Every structure is written in C-alpha cells, then in structure tokens.
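# Predicted model follows, preceded by the sequence.
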Amino acid sequence: QVQLVESGGGLVQAGGSLRLSCAASGRTFSSYVMGWFRQAPGKEREFVAAINWSGGSTSYADSVQGRFTISRDKAKNTVYLQMNSLKPEDTAVYYCAAKSGRWVNEYAYWGQGTQVTVSS
C-alpha cells in the first residue's frame, strides 16, 4: 500500500522560505507522477506542482512558477517542494499526492497534509 508522509510545514514571514518533504513508501515509483496540492480555508484544493519520478520533468501552477521548485531524491524515495518568496496567499494545507502514470487523470494516493502559514 502506498504511503505518503509530508513534513516541513510551519509559520514563516512573507518573503521567507520553507521546504516541504514527502516520504513515499509501499512500492516502486519509477512510472509514477508525484504532485503537490494545497487547500486554503474556504477554497477548493488546487494543483501546485508535479514531477515525473523517472525522468524528472516538472510542471507548475502559474501562481507559483518561478518561486517554488519540486524535486525528488530517488535514493530516499522523497519528493520536495522548495518554496521561496512566500506570500500570505500561499497559506494553506499542502498535500503530497501520487498517481501511477502521466496518462492517469486522478491522483489515487494522498498524504495527510502539512500546514503552511505565511504572515504579512
């Protein structure tokens, strides 16, 4: 069974940085796509970034392009989200997710989430 465990959230001032981690276990992820999503209070969950586990190709939401960087460490089975130049509107619960291939529409596996709060 796939398990995803996020860590690294916290409180930071606007303009600061945080790095989120997602430890993945339960299978080989060679064909998987790993993603980060976020959900702010009263809003729908939204896509933030994704990475192809094997080739490393990435994609980003327009709102975080140039500020956030997604990466993965194959040896540690861990995905990271480096967040720089944080803004108050980045405040949300951030979720790690996984799907079995880039041709798959839905992410089947989700972590429990980690809170990120950006103060102005």
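Ah, there it is.
# Any figure for the gap between the spatially closest residue to residue 60 that is not a sequence neighbour and residue 28?
Take residue 60 and drop its neighbours on the chain: the residue closest to it by CB to CB, 6 or more residues apart in numbering is residue 49, 4.9 Å away. In this view, the C-beta of every residue, glycine as well, is placed from N, C-alpha and C. Noted for residue 49: a distance of 22 Å to residue 28, by CB to CB, to the nearest Å.
# which one of the two has more residues nearby?
Each of residue 49 and residue 28 has its neighbours counted (other CB atoms under 10 Å); residue 49 has more, 23 against 8.
# buried residues in stretch 112-120?
Within stretch 112-120, the residues scored as buried using 16 or more other CB atoms under 10 Å are 113-114, 116, 118.
# can you redo those residues as JSON lines with distance to residue 78 and secondary structure?
Listed next are the buried residues of stretch 112-120 as JSON lines, based on distance: CB to CB, whole Å; DSSP: H, G, I helix; E, B strand; the rest coil:
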{"residue": "113", "distance to residue 78": "17", "secondary structure": "coil"}
{"residue": "114", "distance to residue 78": "14", "secondary structure": "strand"}
{"residue": "116", "distance to residue 78": "18", "secondary structure": "strand"}
{"residue": "118", "distance to residue 78": "23", "secondary structure": "strand"}
